[in-house]
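# I'd like to go over a predicted model; first the sequence, then the structure.
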Number of protein chains: 2
Amino acid sequence: MVTLKDIAREAGVSVMTVSRVVNDIPAKVSCAKRMEIKGIIERMGYVPNSSARSLSSRCSRLIAIILPYAENVLDSPYNAQMVGYICGFVQDMGYTTLLYNVRDYREVTVKLRTWNVDGAIFLGLFDSQMKSIKEDNRIPLVFTDSYSPLRQVTNVGIDDFKGGELAARHLLDKGHRNMSFVGEFSWESPVVRARFEGFKQTLLAAGTDLPERNVFTGIPARDTLKAICAGGKPVTAFFAVADITAIYLIQNLMACGFSIPRDCSVIGFDNLAVSGLIEPPLTTIEQDIEKKARTATEILFRHIADPARPAENVVLDVCLVERESVADRNI
Amino acid sequence: MVTLKDIAREAGVSVMTVSRVVNDIPAKVSCAKRMEIKGIIERMGYVPNSSARSLSSRCSRLIAIILPYAENVLDSPYNAQMVGYICGFVQDMGYTTLLYNVRDYREVTVKLRTWNVDGAIFLGLFDSQMKSIKEDNRIPLVFTDSYSPLRQVTNVGIDDFKGGELAARHLLDKGHRNMSFVGEFSWESPVVRARFEGFKQTLLAAGTDLPERNVFTGIPARDTLKAICAGGKPVTAFFAVADITAIYLIQNLMACGFSIPRDCSVIGFDNLAVSGLIEPPLTTIEQDIEKKARTATEILFRHIADPARPAENVVLDVCLVERESVADRNI
DNA sequence: CTGAAAGCGCTTACAG
DNA sequence: CTGAAAGCGCTTACAG
């Protein structure tokens, strides 16, 4: 392994001079010497040892992405997109990405400290442990999709409530009057809750009720689907809390013999790449995942550059993407 | 920051004794002392500094996953699956995952050396640079889907040729006699080549030709699709080199007014999660991505434990998954 | 503009 | 079973 010392000996200077060249510390080494040393570094294939750097400078140039545990954390297209973009942005900044999935929030502190990570981005549900995580780790931390009331926490999220509103308004516009909400995860998730509330309140304001029996935490069983989509006052449209949910819901509705959108309409949330590819192409609420990833990374680096910066809470916009999974009942 | 020294002072022992407790070096510290020290470590919230460890022990417990550059490397569901599984397995071994996307293979050496990475797994097309990468980095390296002739390289791949055979045999069984191959990427990719050869040779052996005009490097334009699927001797079935390709191909065929599989059949390769969700559900050649990720990780750790181990080339099996995108023309 | 000294937090290698 | 010494490769802080 080639070290600073080797380069220094070869160039006949001290290690400090080489270190200054390697780190491009300006105007502290004469130009001629600088060029000569650069040549030797190139020729000998010197690569700085990041561990040694991290140890002495207390900066690792390492960013951790923290995901809640799953057998495969990137199974979800949303997570995969976020991690992929963040990884690219982090690398563009000259930093390196560590990828972690944690079963218990207490693992977080150990993982961040042991590598002396300079900053971390959290994907997913860490709301309740956020306070402890924040207290235990005095480095810049960016959460995503958090609804924690803590003001000193930096978060990048989207307008989930508005997403629910847009879905409701679109279905109302298309003449639907009896609808169903299909959630996922537990009701613990404030993200699900916000989308639901936006949906429900918009319906209520328009004089349309969303009865309890049409609200589900997961995809309803086929018998249930058959029951609510037929009978006296059938459900004509579903708002699924995520595109993945919508896709499986459509599968189940089709398996029940329903045609989408002729017999019942479905609107999703996320606008994943696959959502335009299924049959029928999914009408959905779009969130800009690249922008979310970019914003989260930018804010993180802003806090790394200036740790005194106040916490920010960014809420990104959402919009309706109309495709073919919602029928117009007005015509 | 709590260090070994702090624990040592608190316990009234030397740092070496604490180090031995932290690292569970067996039977070298009396039991009573060991318990007492463990208590202090717990109480003071000591976390070992991995950089210091890496520097002095020359082992980082870091594994790099190297992907060829893309704007979003995890945009491909295949990459996302692989990275997700590998990350989990690596973590189970007590190691940490670094995620890199590289534009140029020369970046690889710098990235691996600077963090003193203990091993690396490569996803994607590194065949031509493999020799240089291998020579520059004397740590365990596992490649995937490589067709490099280098014998000293460890690789985990699948039987792409057999996949092509299975596709051909299935279409022949279903009575198709005029087929098309739709590739992706360049023909440089030996993976594409192998799938193509398996397909073509099986057709030829059965007395069915695969004329040049029905072989494509990307998804054909709609005019082309219309032309080859109509006329005197129409193409009745397509073999797409990957499910993603198949999905877009189906989109295009539908946009041309063709019904799948009534007017033309499509068979894919990979069996992604989405492939069963599209309409019609895709008949495809399945590869076991979890097994591939697991095998690659296991072999890597075997080589880390015993660097003298000879290189291995593992070829995993593939199989046909029959769904609804291929019509039976015999009935 | 340049360098000698000290130290980051740990482990290796040796001594007892 | 325990510890003092040296060193991993770098940077910080200071001196000139």
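Yes, it's here. Numbers count the residues shown, from 1 in each chain, chains lettered A, B, ... in the order given.
# burial count for the one residue in the stretch 101-250 of chain A that gets nearest to DNA strand D?
Using C-beta to the nearest atom of the strand, A:Asn116 is the residue of the stretch 101-250 of chain A that sits closest to DNA strand D, at 12.2 Å. Bear in mind the C-beta positions are built from the backbone N, C-alpha and C, glycine included. For A:Asn116, the neighbour count with other C-beta atoms under 10 Å in any protein chain shown is 22.
# Same question for A:Ala205.
A:Ala205 has 12 nearby residues by other C-beta under 10 Å.
# distance of the residue of the stretch 101-250 of chain A closest to DNA strand D from A:Asp136?
Using C-beta to C-beta, to the nearest Å, A:Asn116 is found at 14 Å from A:Asp136.
# pretty sure the residue of the stretch 101-250 of chain A closest to DNA strand D is touching A:Ala64, no?
No. Taking C-beta atoms under 8 Å as the definition, A:Asn116 is not a contact partner of A:Ala64, at 10.7 Å.
# My reading is that A:Met130 is in a helix; is that accurate?
Yes. Assessed by DSSP: H, G, I helix; E, B strand; the rest coil, A:Met130 belongs to a helix.
# State the number of residues packed around it.
Neighbours around A:Met130, by other C-beta under 10 Å: 21.
# How much space separates the residue lying closest to it once chain neighbours are set aside from A:Lys131?
Nearest residue to A:Met130 in three dimensions, chain neighbours excluded: A:Ser148, at 4.8 Å (C-beta to C-beta, 6 or more residues apart in numbering or on different chains). A:Ser148 is 8 Å from A:Lys131, where distance means C-beta to C-beta.
# Pick out whichever of the two has more residues nearby.
A:Ser148 (18 against 14).
# quick one, what contacts the more buried one?
Residues in contact with A:Ser148 (C-beta atoms under 8 Å, 6 or more residues apart in numbering or on different chains) are A:127, A:130-131, A:155.
# Farthest pair within these?
A:Lys131 and A:Asn155 (13.3 Å; C-beta to C-beta).
# Can you tell me what sits against the helix or strand that contains A:Ser56?
Applying DSSP states H and E as the criterion places A:Ser56 in helix A:50-57. Residues outside helix A:50-57 that contact it (C-beta under 8 Å, 6+ apart) are A:59-62, A:96, A:115-116, B:49-52, B:54-55, B:60, B:114-116.
# Could I get the buried residue list for it?
A:50-55 (16 or more other C-beta atoms under 10 Å in any protein chain shown).
# so which of those are also by DNA strand C?
A:52, A:55 (C-beta under 7 Å from any atom of the strand).
# Which residues are in contact with the residue nearest the centre of chain A?
Nearest to the mean C-alpha position of chain A, by C-alpha atoms, centre = their mean, lies A:Met82 at 4.7 Å. The contact partners of A:Met82, taken as C-beta under 8 Å, 6+ apart, are A:123, A:144, A:289, A:292-293.
# how much space between the residue of the stretch 151-300 of chain A found nearest DNA strand C and chain B?
Here the residue of the stretch 151-300 of chain A nearest DNA strand C is A:Leu300; by C-beta to the nearest atom of the strand that distance is 23.8 Å. Using C-beta to the nearest C-beta, to the nearest Å, one gets 16 Å for the distance from A:Leu300 to chain B.
# what about that residue, which helix or strand?
Counting by DSSP H and E, A:Leu300 is part of helix A:289-305.
# Send over that helix as CSV, restricted to the C-alpha atoms.
C-alpha atoms of helix A:289-305 as CSV (Å, rounded to 0.1, in the frame of the first residue of the first chain):
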residue,chain,number,x,y,z
ILE,A,289,-39.6,10.9,-6.0
GLU,A,290,-36.5,12.3,-7.6
LYS,A,291,-37.2,15.8,-6.3
LYS,A,292,-37.9,14.4,-2.8
ALA,A,293,-34.6,12.5,-2.9
ARG,A,294,-32.8,15.6,-4.2
THR,A,295,-34.3,17.9,-1.6
ALA,A,296,-33.5,15.5,1.2
THR,A,297,-29.9,15.2,0.1
GLU,A,298,-29.4,19.0,-0.5
ILE,A,299,-30.8,19.9,2.9
LEU,A,300,-28.6,17.3,4.5
PHE,A,301,-25.5,18.7,2.9
ARG,A,302,-26.6,22.3,3.8
HIS,A,303,-26.7,21.1,7.5
ILE,A,304,-23.3,19.4,7.2
ALA,A,305,-21.8,22.6,5.9
